[in-house]
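**Student:** Model the following, please.
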Amino acid sequence: MTVRRSAAALATTAVLLGAAAPAAVAAPSPSPSAELPAGLYGTTDPTYDGVWRQSLAFLAQKIEYVTPSTQAVEWLAGQQCDSGAFTSYRADTSKPCDASTVMDTNATAVAVQALVEINQRRDDANNGADWLKSVQNEDGGWGYNPGSPSDANSTSIVIGALARTGVPVNELTTADGSTPYTALQSLAIPCGDQDGGAFAYQPGKKGELTANLDATAASVLGLMGKGIASGTSNAVKDPVCTKGDDLAAEQSAQNGAFFLAETLKKKPYLEQPPMPGAEETAPQPDYGNTADAVVALAASGHKDKAEASVAWLEKNATGWSKAGGPAATAQLILAAHATGADARRFGGVDLVKQLNGMGPSPAATALPSPTPTGPQPSSGTGSDDSGLSLGWLIGIGLLAGTGIGFLLSMRRKKQQP
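**Tutor:** Residues are numbered from 1 along each chain as shown. The predicted model follows:
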């Protein structure tokens, strides 16, 4: 939620379009002849999304009672720096992280969530949470990299990680009294204004806020203190947009859910508008963002408002998930689970089997598929020796004219109407 899926979309697009990714913003890309690391999910270049896709795979497997292999877990834990931080991908983990290592709050946060949910390497998860706390911005939020301006997506996924490790997020107060929640609320468009209830990714150059659908879905989860694998809220309610300057975090989350529900009333899927510099074409469906919106609506008590979108995903998105690899498949599993759909028979596809086949054979798999309101695997608070517990493609035509380097630099900055 993830930044979430941009990295996965970048990696998949690079393979499908033959685009070259720049080496200036991350670790050097593996050579075409280099073998992928043992334990890693997916077959595409992991430079920009290795930790992301591995962690998302674990989160989706956890809610379907699949225990990842020891080899897969060890690969993820081995990506962590001594400081507790993760990068998008470390090709050579024998070399310690240093000042030139590009630390990644999103990769760290999603890895922390994954390790907590599968109830393994808890000390590593706590170490990651401590690092995240240490790089909090003065406005209470987080940027994609330490010291970069706060954005809605990074702040939201970090909140989810801290909450899952037991950190009282509302107590992470900066010198001026800002918290992670107030950082997110500062990006909310007031109800009554155009696009009221939505969230911006970041303020514009003049402080203006432009609605961003992905940032809105992320902020709904963040303001509720929930992680990516949040499941469904049992409290079904009608979405409303409440005006006011001093709203509780939960109400701001509900305002975001209201905006998502209203948007999905028009059509059951969200769209990816043309990227700057791309050829003018009609907006294409954004499968990943639609799945994220489904999870956000279900988590905030509006599962009924997401049912049409899940039905649309079931009919249209299974091909996308297979081509998109572990992260895309995991997103569909999370959306299916949150709304009570069967991820093992989703549009005629067994998404769980598909995901399991994209990495090392799982240590254990349980059947049948659990329901979102039924018993859930325990996250637990075990330490490193706790053992195994049972516990996008963004429209290719739109990306064809846009280089991977530009997309990476824009990573969550797309402005959506």
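**Student:** Helix, strand, or coil at residue 96?
**Tutor:** Following DSSP: H, G, I helix; E, B strand; the rest coil, we place residue 96 in the coil state.
**Student:** give me every residue that touches it.
**Tutor:** For residue 96, the residues meeting the contact criterion (CB atoms under 8 Å, 6 or more residues apart in numbering) are 81, 82. C-betas here are computed from N, CA, C, even on glycine.
**Student:** redo that, cut-off 10 Å
**Tutor:** The contact partners of residue 96, by CB atoms under 10 Å, 6 or more residues apart in numbering, come to 81, 82, 83.
**Student:** Hmm, residue 91 and residue 78 touching each other?
**Tutor:** No: at 11.7 Å, residue 78 does not count as touching residue 91 under the criterion of CB atoms under 10 Å.
**Student:** Of the two, which one has the most company?
**Tutor:** Each of residue 78 and residue 91 has its neighbours counted (other CB atoms under 10 Å); residue 91 has more, 17 against 13.
**Student:** Residue 35 is in contact with that one, correct?
**Tutor:** No: contact criterion CB under 10 Å: residue 91 and residue 35 do not qualify, at 11.4 Å.
**Student:** Do a quick rundown of the strands in this structure.
**Tutor:** Assigned strands in the chain, in chain order: 66-67, 271-272, 284-285, 364-365 (criterion: DSSP state E).
**Student:** picking that back up, got a PyMOL select line for the buried ones in the contacts of residue 96?
**Tutor:** Paste this into PyMOL to select the buried members of the contacts of residue 96, with burial taken from 16 or more other CB atoms under 10 Å:
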select buried, resi 81+83
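**Student:** from the contacts of residue 96, which is closest to residue 268?
**Tutor:** Of all those, residue 268 sits closest to residue 81, with 41.7 Å by CB to CB.
**Student:** Surely that closest one is in contact with residue 87?
**Tutor:** Yes: the pair residue 81 and residue 87 qualifies as a contact (CB under 10 Å) at a distance of 7.3 Å.
**Student:** Low-confidence regions, the stretch 151-300 of the chain specifically.
**Tutor:** 235-236, 274-280 (pLDDT under 70).
**Student:** Counting neighbours, what do you get for residue 342?
**Tutor:** The number of residues packed near residue 342 is 15, by other CB under 10 Å.
**Student:** Repeat that for residue 123.
**Tutor:** Applying the criterion other CB under 10 Å, we find 14 residues in the vicinity of residue 123.
**Student:** same thing with the one 10 residues further on?
**Tutor:** The burial count assigned to residue 133 is 16, neighbours taken as other CB under 10 Å.
**Student:** One more: residue 147?
**Tutor:** Each residue near residue 147 was counted by other CB under 10 Å, and the total is 8.
**Student:** So it is in contact with residue 135, correct?
**Tutor:** Yes: using CB under 10 Å, residue 147 is in contact with residue 135, at 7.4 Å.
**Student:** any common contacting residues for those two?
**Tutor:** Between them, residue 147 and residue 135 share these contacting residues under CB under 10 Å, 6+ apart: residue 103.
**Student:** doesn't residue 230 make contact with residue 338?
**Tutor:** Yes: assessed by CB under 10 Å, residue 338 is found in contact with residue 230 at 7.3 Å.
**Student:** Would you check how far apart residue 328 and residue 150 are?
**Tutor:** In this structure, residue 328 and residue 150 are separated by 27 Å, where distance is defined by CB to CB, to the nearest Å.
**Student:** Between these two, which has more neighbouring residues?
**Tutor:** Neighbour totals were compared for residue 328 and residue 150, and residue 328 leads with 29 against 24 (other CB under 10 Å).
**Student:** Show the pLDDT at that one.
**Tutor:** At residue 328 the predicted local confidence, pLDDT, stands at 98.
**Student:** Skipping its backbone neighbours, what lies nearest it in space?
**Tutor:** What sits nearest to residue 328 in space, not counting adjacent residues and going by CB to CB, 6 or more residues apart in numbering, is residue 321, at 4.5 Å.
**Student:** List the contacts of that neighbour.
**Tutor:** Applying CB under 10 Å, 6+ apart, one finds that residue 321 lies in contact with 287-288, 291, 313, 327-333, 346-347, 349, 351, 354-355, 392-393.
**Student:** I'd assumed residue 62 was in contact with residue 119.
**Tutor:** Yes: distance between residue 119 and residue 62: 8.6 Å, which falls inside the contact criterion (CB under 10 Å).
**Student:** shared neighbours of residue 78 and residue 91, which are they?
**Tutor:** Shared contacts of residue 78 and residue 91 (CB under 10 Å, 6+ apart): residue 37.
**Student:** any idea how far residue 301 is from residue 240?
**Tutor:** According to CB to CB, residue 301 and residue 240 sit 11 Å apart.
**Student:** can you check residue 265 too?
**Tutor:** Applying CB to CB, one obtains 14 Å for the distance of residue 265 from residue 240.
**Student:** Looking at those two, which one has more neighbours?
**Tutor:** Regarding residue 265 and residue 240, a neighbour count based on other CB under 10 Å identifies residue 240 as having more, with 13 against 10.
**Student:** List the residues that contact the residue nearest to the more buried one when sequence neighbours are not counted.
**Tutor:** Excluding its sequence neighbours, the residue lying closest to residue 240 (CB to CB, 6+ apart) is residue 258, at 5.9 Å. Neighbour list for residue 258: 191, 196-198, 216, 220, 238-242, 297, 300, 302, 305 [criterion: CB under 10 Å, 6+ apart].
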